Structures are given as structure tokens and as C-alpha cells.
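When you get a sec, could you give me coordinates for this:
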Amino acid sequence: MKLYGMETNQVMIKEIGQRIQTRRIALSMTQHQLALESGVSLRTIINVENGKNVSLNHLISLLRPLHLVENLDLLVPESKSSPIDILTLGHPRQRSSGKTRVNKSGWTWGDEK
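Got it, this is the predicted structure:
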């Protein structure tokens, strides 16, 4: 199943659990072996594979022996500061103020008349 982002969190968690199970089986690993190599309890592995919610810490621990931890970089890519931010601010941005941008042009959608 391809994940598009329109699915509920529970559907995504279940799909991730199934993918972890498929990977474990492809590597000819038992749940017990994965538990020993990851340091995660057998009950947690069963829960993950059955689509139950687990901590991010446990998920990362499971990904290591499955040789999938490298894929976390694709999940949340490293963010680089834009050269414009550095030029205008003199340094990379540290946080966002949350303020909305003001439309200085005076033009708005539907104002084409």
C-alpha cells in the first residue's frame, strides 16, 4: 500500500507495522531475534507488527537491525538555511515568530475587476 498522507494516523501506523514485519521476514529474522538485536521487548515487536502505537525511541531501535535507520533521513530531510536568510539576517534563522505576512501590494484574490 502506498502512503499518500490522506490516510488516518492509525492506517499509517498499521502499514508501517506490516512493512517492518515484511522486512524482518525478508531478513529471515524471528521476532525473538529482532528483540535481542534491537533491545526492544518481544511484546513491543508484536504490538508494532499488529499496528499498535509505540514510542519513536522503540521504532528507531527496531529500524537499526533491520538496516532501515538510514531511511530516517528521507523522512525528515535536513533543513539548510537559505542564502537570503543569511544575507538579510546576518545569520541562519533560529525560530519563527509565527506572524503572518502582510500583503503590501494591496492585491487580493478575486480582485481582478
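
Could you list the low-pLDDT ranges of the protein?
For the chain, the stretches with pLDDT under 70 are 81-108, 110-113.

I'd like to know how far the residue nearest to the spatial centre of it sits from Arg19.
In the chain, the residue lying closest to the centroid (Cα atoms, centre = their mean) is Leu75, at 4.3 Å. Leu75 is 13 Å from Arg19, where distance means Cβ to Cβ, to the nearest Å. C-beta: built from backbone N, CA, C; applies to glycine.

between the two, what contacts are shared?
Here Leu75 and Arg19 have no joint contacts, going by Cβ atoms under 8 Å, 6 or more residues apart in numbering.

Helices of the protein, start to end?
Assigned by DSSP state H, the helices in the chain fall at 9-26, 31-38, 42-49, 56-63, 72-75, 83-89.

Tell me which of the ones you listed lies nearest to Met1.
In terms of Cβ to Cβ, the element of the helices of the chain nearest to Met1 is helix 9-26, at 5.4 Å.

Please list the outside residues in contact with that closest one.
So helix 9-26 is contacted by 1, 3, 7, 31, 34, 48-53, 62, 66, 68 (Cβ under 8 Å, 6+ apart).

Could you save the helices of the chain as TSV and add columns showing distance to Trp109?
Formatted as TSV, the helices of the chain follow (distance: least, Cβ to Cβ, whole Å):
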stretch	distance to Trp109
helix 9-26	32
helix 31-38	51
helix 42-49	45
helix 56-63	40
helix 72-75	34
helix 83-89	26
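
just those: most buried one?
Mean neighbour count (mean count of other Cβ atoms under 10 Å) peaks for helix 42-49 among those, with a mean of 18.

Show the end-to-end separation of stretch 1-17, please.
Between the start and the finish of stretch 1-17 there is a gap of 12 Å, counting by Cα to Cα, to the nearest Å.

repeat for stretch 24-44
By Cα to Cα, the extent of stretch 24-44 from end to end equals 14 Å.
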